[in-house]
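Trainee: Structure for the following, please:
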Amino acid sequence: MIHRVSIENTAESFACAEDVHVLAAMEQARCHGIPVGCRNGGCGACKVRVAAGNFHTKKMNRAVISAAEEADGCVLACKLYPQGDITVKALGRVWGPGTVRKSASFSLDFTRPALSSQPDKET
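Mentor: Numbering: from 1, shown residues only. Have a look, this model is predicted:
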């Protein structure tokens, strides 16, 4: 069966089959509401809180999701399978549609003049 997944943070929604994890369905629908990392449950980038709906999960790494977090509805989207329409809230950094992403530590700014007035020469 196909279910509707809604992301609170970005108001995006997409279809997801019961046998496809939410992160894969989101990427296939070209949505950006849940951060993507390793896609296999090791990094925790896709951590979400399920706000509403029925679902099941596959085994999650306890270094990334504690038992207490899981009991509170926190899961990894790459291990989350809907069993009805669900609503999730991304818990990591969210890049919404049209968001400009800034470089983390460096810039390739080609608008500044070169420091040397001498042209580069190959020798």
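Trainee: residues touching residue 54, list them.
Mentor: 82-84, 86 (C-beta atoms under 8 Å, 6 or more residues apart in numbering). Every residue, glycine included, has its C-beta placed from N, CA and C.
Trainee: try 7 Å this time
Mentor: Residue 54 makes contact with 83-84, according to C-beta atoms under 7 Å, 6 or more residues apart in numbering.
Trainee: Could I get the pLDDT score of it?
Mentor: Residue 54 is assigned a predicted lDDT (pLDDT) of 97.
Trainee: For residue 39, see how far away it is.
Mentor: Separation of residue 54 from residue 39 (C-beta to C-beta, to the nearest Å) stands at 23 Å.
Trainee: Relative to residue 7, how far out is residue 37?
Mentor: Counting by C-beta to C-beta - residue 37 and residue 7 are separated by 16 Å.
Trainee: Look at these two and report which has more neighbours.
Mentor: Remark: of residue 37 and residue 7, residue 7 carries more neighbours, 25 against 18, as counted by other C-beta atoms under 10 Å.
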